[in-house]
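**Student:** missing the sequence, but the structure's below:
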């Protein structure tokens, strides 16, 4: 089965099947990924820390051990705001260059326990905020990969690893995934355990994944959180009820994104989905600004040690956002959290009529240049609402770079999200089928 | 003003006033605390790490600096599950003996930024769970101080420090505070920033305080979270509407606690409060067991690194609880979180009729022996409900050790909790007035 697809391009699900069937070793898979990284990462710069020997040693250990899960032998990338006990973790900041945590984050230890291989650490922007790091977009090196999960999105898009962990507080999984043309999944808030993450805004920070297929995202959630993956074989028979949610921020999307979104909606209807416009209530228009208020209040406090002791090693842009966050009063913060609560209840009502919502993933394709990670506006409201989201590659923009559409499900309905997103992915026919 | 009260017995509020008036230096205050620790801690064993020189140096630096808040020059103890960049942090576990974090937790850095002095690290039980550590109850050394914030409660009770941070997932602030006869305050979930805490159960873990006065708890919340302290001078004019909430676990309270609770209710009514029985709905009876389910699912994942790499350095009791947590299915966990949501909504309704609820703090006085930290049952439901709670010393049990009553307010009403708790504290006349 591996004759036609280079090993490093295999999805985790396909590789797991090959390993389980005795047709593939973890060592061969990991070696192929490492070799591909060797050839591509000089350009892409997706990796913050990698130890070839350590990765291969883990793989050989797996090949000698009894499989404990479908993650057995599968390489996983870890965003560098997540602690690892055997690889340095710099949180995307020069303040922590070379920092070696004493222990693994829960998600990392869980991957090891389940037989996965920690391939290395992927580049994060500064403390998972907007200030860019060194990673370039593998689809076009002159463009940003987006952020903050820059390295995870780029590494998965460049076929260096099938799965990488990302985190999202604003749009830090969905935006880079859309820019790099991969699948970014932000779970329901709190679904994947956050112990061992560098906290930015604790009421929003969410651990998620970057993958090239929908079932690969489901694989991680099944393994780590005990949420059974849906029966993807049944996706073909679905008739999804899809709410087209242009969001109150629609005018921020450029013409090509808007046209692409409308085309996608037409294609889904043509494939048998019930597609209907959804307009959210007036209060939803305040969610993006409210996310900035709430996160600013929190991250200006979470980063107190760094801003007190290392102010000159914090970027000017983050310093500005911290200072703005320090001006947010407790009353403003609480008003923001109250708005979020009201809109979460209203969103729950909306989902009575739809299986999923379809929304834009980003304002357009990845901007040129590495000095910005792009506009997070299409992530802010969903992050604040704590809803599970998954962005699918869909179409291209004027520069030939990927565009995406975002599938959003009701709170806690992550398995349903996977199933419907897989249907939509097939209907849009935009997935890298070779790797499925 | 300090002639009649030894410096180490001053409340933070009183010390802050003396420092602001130029009548007291931080160095004198910190030196007095250190001297008292020297004389008492051989018996009490409240401190996990302390560096006299470092503490005194901070105090001298404060005395030369311009005050930035009412915390200026005030010594604060820090539970040893909270990271400090200049003192080791062992999380109450031999696995992390001597571990030195790279940075301060947000709350520690905030205290420093506001001019406070980090006096040292207080003893925690193993990862803030039930397995006891070395601390003894300062009221009677043959008895447990409770846990998990054992050292913080004992240090404050023994007049070694006016304020110490604690954390509560089940009953880890309220229970030790009640056993040691001090004020334990668990804020509304998420009020004090949790970045830099060792996570146990992230949907429950709450950072709070141990103090000897109610205004001292308010001082911390005002300084760190921007919640203005209430006008305590107005507390005298209140006519609180108090709901007597014996809880579905009333039968777990021993006879002396039950009698003490009824006496307290009578005293509050005699002082002018409107006191009325509150019966919570049937679902509330499941909250304690549900807290065990929800926290078990979470902490068995949060501690994956430790249980994989250091299984022999985890206590037998915690190992048993981890193994039980690993058996909780995702469906059971989600059912538990759904129950919590329903009861939070029902509790919000209940609070329309009352300013605060009064509930038992613990099942009785501190049990004899150091092999258990006591029964957490009277903390579980309030932790799962995310409501702010404050335990006040009130009466004594058969062994002459302190009993407590717990004041509970609606979600987010921490300032109102302080005001009404202060009224109740005065009405019960059980506070250490000398230190106010």
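**Tutor:** Nice, I can see it. A quick note: this is a predicted structure, and the numbers were derived from the prediction, not measured.
**Student:** Excluding chain neighbours, give the residue nearest to residue A:184 in space.
**Tutor:** Of all residues not flanking residue A:184 in the chain, residue A:177 sits nearest, at 2.5 Å (Cβ to Cβ, 6 or more residues apart in numbering or on different chains). For glycine as for every other residue, the C-beta is placed from the backbone atoms N, C-alpha and C.
**Student:** Can you classify that neighbour as helix, strand or coil?
**Tutor:** Using DSSP: H, G, I helix; E, B strand; the rest coil, the structure places residue A:177 in helix.
**Student:** Could you list the buried residues of the longest helix along chain A?
**Tutor:** Counting by DSSP state H, the longest helix found in chain A is helix A:330-350. Of the residues in helix A:330-350, those buried by neighbour count under the rule 16 or more other Cβ atoms under 10 Å in any protein chain shown are A:330, A:332, A:333, A:334, A:336, A:337, A:339, A:340, A:343, A:347, A:350.
**Student:** now do stretch A:253-269
**Tutor:** Within stretch A:253-269, the residues that count as buried by 16+ other Cβ under 10 Å are A:253, A:254, A:256, A:257, A:258, A:260, A:261, A:264, A:265, A:267, A:268.
**Student:** Let me know the average pLDDT across it.
**Tutor:** In this model, stretch A:253-269 has a mean pLDDT of 97.
**Student:** residues in contact with that stretch?
**Tutor:** Applying Cβ atoms under 8 Å, 6 or more residues apart in numbering or on different chains, the set of residues contacting stretch A:253-269 from outside is A:240, A:242, A:244, A:246, A:250, A:275, A:358, A:360, A:362-365, A:378, A:394-395, A:397-398, A:403, A:405, A:424, A:427-428.
**Student:** Alongside chain B, which residues does the stretch 301-436 of chain A contribute?
**Tutor:** A:301-306, A:308-309, A:329-330, A:333-334, A:412 (Cβ under 8 Å from any Cβ of the partner chain).
**Student:** Please report how far the residue most central in space within chain A lies from residue B:354.
**Tutor:** For chain A, residue A:173 is the residue whose C-alpha lies nearest the centre (Cα atoms, centre = their mean; 3.0 Å). Per Cβ to Cβ, to the nearest Å, residue A:173 is found 43 Å from residue B:354.
**Student:** if we can go back for a sec, which PyMOL command selects the buried ones in the contacts of stretch A:253-269?
**Tutor:** Selection of buried members from the contacts of stretch A:253-269 for PyMOL, criterion 16+ other Cβ under 10 Å:
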select buried, chain A and resi 240+242+244+246+275+358+360+362+363+364+365+378+394+395+397+403+405+424+427+428
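**Student:** can you tell me which of the contacts of stretch A:253-269 are in helices?
**Tutor:** A:378, A:424, A:427, A:428.
**Student:** I'd like to know how many residues surround residue A:53.
**Tutor:** 7 (other Cβ atoms under 10 Å in any protein chain shown).
**Student:** can you confirm it is in a strand?
**Tutor:** No: going by three-state DSSP, the assignment for residue A:53 is helix, not a strand.
**Student:** quick one: it from chain B, how far?
**Tutor:** Distance from residue A:53 to chain B, counting by Cβ to the nearest Cβ, to the nearest Å: 20 Å.
**Student:** so what pLDDT did that residue get?
**Tutor:** With respect to pLDDT, residue A:53 has a value of 98.
**Student:** and it, what is it in contact with?
**Tutor:** Contacts of residue A:53 (Cβ under 8 Å, 6+ apart): none.
**Student:** Show me where chain A has its helices.
**Tutor:** Using DSSP H, helices in chain A cover A:12-20, A:26-44, A:52-64, A:106-113, A:150-157, A:174-180, A:214-225, A:255-270, A:287-302, A:304-309, A:316-326, A:330-350, A:377-385, A:414-428.
**Student:** hang on, isn't residue A:411 packed against residue A:417?
**Tutor:** No: Residue A:411 is beyond contact range of residue A:417, at 10.6 Å (criterion: Cβ atoms under 8 Å).
**Student:** Show me whatever sits in contact with both of the two.
**Tutor:** residue A:388.
**Student:** of those two, who's got more company?
**Tutor:** Neighbour count, other Cβ under 10 Å: between residue A:411 and residue A:417, residue A:417 has more, with 28 against 15.
**Student:** Do I have it right that the more buried one meets residue A:388?
**Tutor:** Yes: using Cβ under 8 Å, residue A:417 is in contact with residue A:388, at 4.9 Å.
**Student:** quick one: the residue nearest to the centre of chain A from residue B:62, how far?
**Tutor:** 43 Å.
**Student:** Residue A:257 too?
**Tutor:** For residue A:257 relative to residue B:62 (Cβ to Cβ), the value is 55 Å.
**Student:** cool, and residue A:200?
**Tutor:** 30 Å.
**Student:** Also residue A:396?
**Tutor:** For residue A:396, the distance to residue B:62 - Cβ to Cβ - is 60 Å.
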